[in-house]
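J.: Sequence below, structure please.
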Amino acid sequence: MQLETQRLLIRPYTLDDLPELIELRSDPEVHRYLGGWERQNPDEVTKRLDFYIACYEKFGFGMSAMIWKETGETIGGSGLQPLEDTGEIEVGYSLKKAYWNRGLGTECAKAWLKYGFETAGLERIVAVCDQANIGSWRIMEKCGMLYEGMKQAYGMDCKFYAISKDRFLKGVRDQ
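T.: Numbers count the residues shown, from 1 in each chain. Sure thing, here's the model as predicted:
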């Protein structure tokens, strides 16, 4: 399974992606919004990569490598995955700092929402972020997701957003 947007190729992670994933998650500017070094050190990232790969085997989707089409460089990760033990499926994304503020988070999130609703048959998709991560919750809002309050996720208080299949298919995705 592979997704393609205007500027990105998005493909499932493999074990070969581990060094780049560790490098991405080692950046303090990136991991501060992903639970900090405690959750993003090499041992935890290795476990997380195994989880991402297992998601593809179980659900047919999961967090994936994002490739910048122009250069072939892996610039981050995005995808759909189960949100801890909630039974919900979340859309997530993280980018190398050099690629922030270019609309790429919105571009990949919209592609995943489209895939989730139109291909995977999901009825609802959620997203969470650290409340200080203004860029992330703005992406959620640009995708038509609605704020549902603060909830615990990944060991921290998070802003919680969601969108239904019906809302997405009624055209919110094109805003």
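J.: Out of the helices and strands in this protein, which is least certain?
T.: Every helix and strand of the chain was ranked by mean pLDDT, DSSP states H and E. The lowest is helix 37-40, at a mean of 57.
J.: next structured bit after that helix?
T.: For helix 37-40, the following helix or strand on the C-terminal side (DSSP states H and E) is helix 42-59.
J.: just checking, what packs against that following helix?
T.: With contacts taken as 3 or more Cβ pairs under 8 Å, 6 or more residues apart in numbering; DSSP states H and E, helix 42-59 sits against strand 8-12, helix 18-26, strand 63-68, strand 73-82. (Glycine included, C-beta is placed from N, CA and C.)
J.: mind running it again at 6 Å?
T.: For helix 42-59, the elements it packs on are helix 18-26, judged by 3 or more Cβ pairs under 6 Å, 6 or more residues apart in numbering; DSSP states H and E.
J.: tell me which strands and helices the helix it packs on is in contact with?
T.: So helix 18-26, by 3+ Cβ pairs under 6 Å, 6+ apart, packs with helix 42-59.
J.: Quick check: buried residues in the helix or strand hosting A127?
T.: Using DSSP H and E, A127 sits in strand 124-130. Neighbour counts over strand 124-130 (16 or more other Cβ atoms under 10 Å) mark I125, V126, A127, V128, C129, D130 as buried.
J.: What pLDDT is listed against the residue lying closest to E118 once chain neighbours are set aside?
T.: Excluding the flanking residues, the one nearest E118 by Cβ to Cβ, 6 or more residues apart in numbering is L169, at 7.9 Å. Predicted confidence (pLDDT) for L169: 90.
J.: same question, K69
T.: In this model, K69 is scored at 96, pLDDT.
J.: ok, what's across the strand from the spatially most central residue of the chain?
T.: Against the mean C-alpha coordinate of the chain, by Cα atoms, centre = their mean, the closest residue is G92 at 1.7 Å. Beta-bridge partners recorded for G92 (DSSP bridges): G79.
J.: Distance of it relative to W112?
T.: Computed as Cβ to Cβ, to the nearest Å, the G92 to W112 distance reads 9 Å.
J.: same question, Y93
T.: Y93 is 8 Å from W112, where distance means Cβ to Cβ.
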